[in-house]
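> Next comes the sequence, and after it the predicted model I'd like to discuss.
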Amino acid sequence: MLRVLHVMPDLTRAYGGPIEALIGFVDAGGSATSVTVAGPTAPNGELDWLGAQMPAATLATASRLGMPRLVRRLARDADVVHVHGLLNPVSSGGAGAALARHRPVIIGPFGTLSRYTFTHRRAVAKQLYFLTMDAPHLRRAAAVHFTTAAERDEAAWHGIDFSGRAYVVPPPWRPVTRGPAAPRTGETVLFLSRLHPKKGLELLLEAWPAVRRARPAARLVIAGTGAPRYEAAVRRAADGIAGIEFVGFVAGEAKAAQLSAADVFVLPSFNENFGIAVLEAVAAGLPVVVSPGVQLAPWVESRGVGRVAPRRVESLAQAIDGALGDAPLRTRVAQCGADFVVDDFGSARVAPALLSMYTAAYSTRM
């Protein structure tokens, strides 16, 4: 049994997709792995929730400043250290601490190696931080974990040789809480994600009036939270636009209720290294409208579960209107969406690739 230590920069549900991915990876490891998860201190309610999702895993926390010391201690007994994320002190410090213990380290970038990451918001600071802190760790990592082939290919622009160390392992799908089925009106569009500039909310707000002109009864439900200043700016931008409702962060039964009541899901991100919320929507029977920047876009097209719209106001509005009016599409996804998700991303499909990555990393131990 391989002893795997996961290092996470955040252990709260509001962190979104990375937490869902972590739970899936722990589940997919099954009886072949013994798991410890290390992360920054979080409210007890969050830790209780996370522990309930991963009953076989051990949770260990410390202050953000204390994380390197915690990882050094825990890495001593680990066969593999799986570090999630880049460009943050918890992940960087964890990778450095594990490498100092001569442990095989796997680094999952979370999409942060994209050109978008390094050309938006504090670009110079990110480049300096990356060159100083993260690039040396990536060069020494036993494996680099990408969630899609597109994410792997895009990372090549950094000039770091990933030959023989790059693994594509998508987050395993795990069924979410299902609430009682709500009657769908045929006019409700759901955006469910962390509120962040890269998610394309501003574009969606610009496109929404055109959707309303075509469908006066259409509703846009925005579910999620973000940095207070950004969230406040988005809410101000939505003032005066008819048919928009903010419902805040949702999880569990509240999330299930929103998925059950919606008719179409939309995610027009600039860059999305995977998009777990897309799988949640399709598994709930919703057709999706995504941008090409969502790296599940090729899967959406190949499975015929939605539309991929260029990141232009007119194109996005037309795609949303078209999906709302496409009864055969909505019927197809309602009937087959959940099966497509399980077949392509279920634990049974992902587990062999995950364990192969762990085994290969372990074989490089120093």
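That came in fine, so what should we check first? Numbers count the residues shown, from 1 in each chain.

> How far does stretch 142-155 sit from its chain's centre?
Computed by CA atoms, centre = their mean, to the nearest Å, the chain-centroid distance of stretch 142-155 equals 14 Å.

> Rounded mean pLDDT for that stretch, please.
Confidence over stretch 142-155, taken as the mean pLDDT, stands at 95.

> What residues sit buried inside that stretch?
142-148, 150-152, 154-155 (16 or more other CB atoms under 10 Å). Quick note: C-beta positions are derived from backbone N, CA and C, even for glycine.

> What about these, which are in strands?
143-146 (DSSP state E).

> List just the nearest of those to residue 171.
The shortest gap between residue 171 and any of these belongs to residue 145, at 10.4 Å (CB to CB).

> how close does that closest one sit to residue 354?
9 Å (CB to CB, to the nearest Å).

> What of residue 106?
10 Å.

> now residue 128
Residue 128 is 33 Å from residue 354, by CB to CB.

> These two: which has the busier surroundings?
More crowded of residue 128 and residue 354, by other CB atoms under 10 Å: residue 354, with 25 against 11.

> Show me the strands paired with the longest strand along the chain, marking each as parallel or antiparallel.
For the chain, the strand with the greatest residue count under DSSP E is strand 33-40. As defined by DSSP bridges, the strand partners of strand 33-40 come to strand 2-7 (parallel), strand 58-62 (parallel).

> how far is the first one from where the chain is centred?
If I follow you right, that is strand 2-7. For strand 2-7, the distance to the chain centre is 20 Å (CA atoms, centre = their mean).

> Same question for stretch 14-22.
Offset of stretch 14-22 from its chain centre (CA atoms, centre = their mean): 6 Å.

> buried set for it?
Neighbour-count burial for stretch 14-22 [16+ other CB under 10 Å]: 15-22.

> where exactly do the strands run in the protein?
Under DSSP E, the chain gives strands at 2-7, 33-40, 58-62, 80-84, 105-108, 143-146, 166-168, 188-192, 219-223, 244-248, 264-267, 288-290, 306-308.

> Between the ones you listed, which one is closest to residue 199.
Across the strands of the chain, residue 199 has its closest neighbour in strand 264-267 (7.0 Å, CB to CB).

> Now do the closest one: everything it contacts.
Strand 264-267 is contacted from outside by 188-193, 199-200, 204, 259, 275, 277-278, 281-282, 286-291, 294, 306, 316, 320, 323-324, 330, using CB atoms under 8 Å, 6 or more residues apart in numbering.

> rerun at 6 Å
Contacts with strand 264-267, where a contact means CB atoms under 6 Å, 6 or more residues apart in numbering, come from 189-191, 281, 286-290, 294, 323-324.

> Switch those residues over to TSV, and while doing so, append pLDDT to every line.
As requested, the contacts of strand 264-267 are exported to TSV (pLDDT from 0 to 100):
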residue	pLDDT
189	98
190	98
191	98
281	96
286	96
287	97
288	98
289	98
290	98
294	94
323	97
324	96
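
> Name the pair among those with the greatest separation in space.
Spatial extent of the contacts of strand 264-267 (CB to CB) is set by the pair 294 and 324 at 19.2 Å.

> Next up, the contacts around the most centrally placed residue in the chain.
Taking CA atoms, centre = their mean, the centroid of the chain lies closest to residue 17, which sits 3.1 Å from it. The contact partners of residue 17, taken as CB under 6 Å, 6+ apart, are residue 276.
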